[in-house]
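A.B. asks: Any chance you can model this:
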Amino acid sequence: MLKVGVIGTGGIFKFAHLPGWLSHKEVELVAFCDAFRASAESAALAFPGAKVYEDYRELIADPSIDIVGISTPNLYHSEIAIAALRKGKHVFCEKPDAVNADEAQKMADAARESGRLLMTMRNNRFSEEAKFIKRLISQGKLGEMYMGRCGWIRRRGIPGRGGWFTTKGLSGGGPLIDLGVHMIDMAMWTAGNPKPVTVSGSTYRKFADRPDASGNVPEGTFDVEDLAAGFIRFDSGASLQIEFSWASNIEEEQKFLEWRGTEGGFSLINDKLKLYTEKEGVLIDEQPRFPESAVPQHTANIRHFVECVLGHESPIFLPEHGVDMIKILSAIYESAERGHEIRL
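C.D. replies: Next comes the predicted model:
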């Protein structure tokens, strides 16, 4: 049995991480830690004998723990991951990897030096649609991927207004770092993980001080963007347009990924996949149908991590993927601030 200690027992742990840990027969949850002790105590109730901590350092000092699961506010991801890796623990971390590229690199270095596995949540890689497209592209069925577009745009959907999500010191940013990780990662992964070379971006904060229906301006910190857009060039020659928002005046919420290849293209819009090809001089549109997966994506991601720790599978996510991701996000914020393209 692999013994798991959890750091951060809030909503994302309960919704996304807990079902994953519980789904694997070779995992045992033995310790819970949260800065709000009552939250950790509540999580531990279902696990007789589980230890409860307020200080993560005490949890990672326990030599019996094999794996540390991190689901804290973004600011603390790298600090905890690095400390846990140096204590010889395998680490599974909620996205984003870190709040800046230097911290992401330190995480990757700590994983390499410790010889332990570090994986950050990339649940969208485990959708049936994404796996299918990945296979097609890897087999060359769509030719050379040269132009892409991805995003997640909401009409109104600001998470935890006034809490850590909208506080840059804790989150590192707004919808770009919250939603962007998901779709940019899926775009890069399906296209073979090309290396980013230049980034240009803009950010906007237009809804932070907007009055509610009663005419009152919501209280609490809101010092992050509510919309980010940008353009990424890769070493493969491919380019990717991006757009992410928590609030903007659009028709409806939409998450999307498109790639255009020399032999075909696809669009994945709100989890509906369509393929665009040409046969015998005729344009062909295809819409594959997938059986509903019995395993939620977050659960599939954690189960894959556990199988990698056990040596049964090879990781599809590597720490350097996380470094490249955070470099992109950081460069978009820098580009927006400076008003010019950033070379990575």
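A.B. asks: Shouldn't residue 207 be within a helix?
C.D. replies: No - counting by DSSP: H, G, I helix; E, B strand; the rest coil, one finds residue 207 to be coil, located in no helix.
A.B. asks: Measure how buried the closest residue to it other than its chain neighbours is and give me the count.
C.D. replies: Spatial nearest neighbour of residue 207, excluding adjacent residues (C-beta to C-beta, 6 or more residues apart in numbering): residue 247 at 4.1 Å. From N, CA and C alone the C-beta is placed, and that goes for glycine too. Residue 247 has 19 neighbours, counted by other C-beta atoms under 10 Å.
A.B. asks: show me what contacts residue 124?
C.D. replies: Listed by C-beta atoms under 8 Å, 6 or more residues apart in numbering, the contact set of residue 124 reads 130, 182, 183, 185, 186, 297.
A.B. asks: and the end-to-end length of stretch 50-70?
C.D. replies: The first and final residues of stretch 50-70 sit 17 Å from each other (C-alpha to C-alpha, to the nearest Å).
A.B. asks: before we move on, back to that, how close does the residue nearest to residue 207 sit to residue 177?
C.D. replies: According to C-beta to C-beta, to the nearest Å, residue 247 and residue 177 sit 16 Å apart.
A.B. asks: any chance you could read off phi and psi for the residue nearest to residue 207?
C.D. replies: phi -160, psi 130 (degrees, to the nearest 10).
A.B. asks: OK, contacts around residue 263?
C.D. replies: Residue 263 neighbours (C-beta under 8 Å, 6+ apart): 140, 141, 142, 143, 277.
A.B. asks: from the contacts of residue 124, which ones fall inside helices?
C.D. replies: Taking DSSP state H, the ones among those that sit in helices are 130, 182, 183, 185, 186, 297.
A.B. asks: Give me the neighbour count for residue 49.
C.D. replies: 7.
A.B. asks: which SSE is the closest residue to it other than its chain neighbours in?
C.D. replies: Leaving aside its sequence neighbours, residue 49 sits nearest to residue 30 (C-beta to C-beta, 6+ apart; 7.6 Å). Residue 30 belongs to strand 27-33 when elements are defined using DSSP states H and E.
A.B. asks: Any idea how far the longest helix anywhere in the chain is from the middle of the chain?
C.D. replies: Longest helix in the chain, counting residues (DSSP H): helix 319-338. Remark: helix 319-338 is offset 13 Å from the chain centroid, using C-alpha atoms, centre = their mean, to the nearest Å.
A.B. asks: Give me the distance between the two termini of stretch 59-67.
C.D. replies: Distance between the two ends of stretch 59-67: 11 Å, counting by C-alpha to C-alpha.
A.B. asks: typo on my end, it should be stretch 219-228
C.D. replies: Termini of stretch 219-228 sit 23 Å apart (C-alpha to C-alpha).
A.B. asks: residues making contact with that stretch?
C.D. replies: Counting by C-beta under 8 Å, 6+ apart, 153, 158, 161-163, 165-168, 171, 173-176, 180, 201-209, 242-248, 332, 336 sit against stretch 219-228.
A.B. asks: Go ahead and build a PyMOL selection from the buried members of the residues you listed.
C.D. replies: Buried subset of those, written as a PyMOL selection, criterion 16 or more other C-beta atoms under 10 Å:
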select buried, resi 153+158+161+165+166+167+168+171+173+174+175+176+180+201+203+207+208+242+243+244+245+246+247+248+332+336
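A.B. asks: Show only the entries of the contacts of stretch 219-228 found in strands.
C.D. replies: 153, 201, 202, 203, 204, 242, 243, 244, 245 (DSSP state E).
A.B. asks: got CSV for those residues, with pLDDT and distance to residue 41 too?
C.D. replies: Compiled in CSV, the ones in strands among the contacts of stretch 219-228 are given as follows (pLDDT from 0 to 100; distance: C-beta to C-beta, whole Å):
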residue, pLDDT, distance to residue 41
153, 98, 39
201, 98, 42
202, 98, 45
203, 98, 39
204, 98, 41
242, 98, 41
243, 98, 42
244, 98, 36
245, 98, 37
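A.B. asks: With distance to residue 341 as new columns, can these be given to me in TSV?
C.D. replies: As requested, the ones in strands among the contacts of stretch 219-228 are arranged in TSV below (distance: C-beta to C-beta, whole Å):
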residue	distance to residue 341
153	23
201	9
202	12
203	15
204	18
242	14
243	17
244	19
245	22
